[in-house]
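Visitor: build me a model:
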Amino acid sequence: MGLTEMIGKIKSHPDYHKVGMILCHNGVARGTSRNGRPIRELTVTADHRRLAEVIEEMKARPGIIELLVEINEGKLDIGDDVMYVAVAGDIRENVFPVLMDTINTIKKEVTQKREV
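Guide: Now for the predicted structure:
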């Protein structure tokens, strides 16, 4: 599922009439590490049990109607999509923090990456 499909799924949610905004994130495999070292490929694995917990925790926050996450696992080339996140909620003060917290928690607690 890509971002277009995720947005479509959100728009079909029974509580979509409560949504005031949808925020999306598209993480991409960069050609360099954070310290500037060149990378040829990236291998990604995810803890699906923890991912489900993170999604439920974030969806329980005030004003959040839906939260969808897709993580592309396995060997990825530079430029490949790594992760999609779509958050739908009532107002920006509720939605922006959930997007950031979801991404940061997934990167810290759900995914593991190996750079080559």
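Visitor: how about the residue nearest to the spatial centre of the chain: what's its closest non-neighbour residue?
Guide: Centroid-nearest residue in the chain, with Cα atoms, centre = their mean: residue 85, separated by 2.8 Å. Closest residue to residue 85 apart from its sequence neighbours, by Cβ to Cβ, 6 or more residues apart in numbering: residue 25 at 4.2 Å. Every residue, glycine included, has its C-beta placed from N, CA and C.
Visitor: hmm, the one you found is touching residue 95, no?
Guide: No. Counting by Cβ atoms under 8 Å, residue 25 does not reach residue 95; the two are 11.8 Å apart.
Visitor: SS state for residue 14?
Guide: Here residue 14 is recorded as coil under DSSP: H, G, I helix; E, B strand; the rest coil.
Visitor: angles on the backbone of it, please.
Guide: phi -60, psi -20 (degrees, to the nearest 10).
Visitor: for the protein, which segments count as helices?
Guide: Under the criterion DSSP state H, the chain contains helices at 3-11, 48-59, 92-105.
Visitor: got the contact list for the first one?
Guide: The one in question is helix 3-11. 1, 16, 19, 22, 24, 26, 65-66, 68, 70, 84, 86, 88 (Cβ atoms under 8 Å, 6 or more residues apart in numbering).
Visitor: which of these has the most neighbours?
Guide: Highest neighbour count within the contacts of helix 3-11: residue 88, with 27 neighbours (other Cβ atoms under 10 Å).
Visitor: neighbours of residue 108, how many?
Guide: For residue 108, the neighbour count with other Cβ under 10 Å is 9.
Visitor: got it, and residue 42?
Guide: Using other Cβ under 10 Å, residue 42 has 22 other residues around it.
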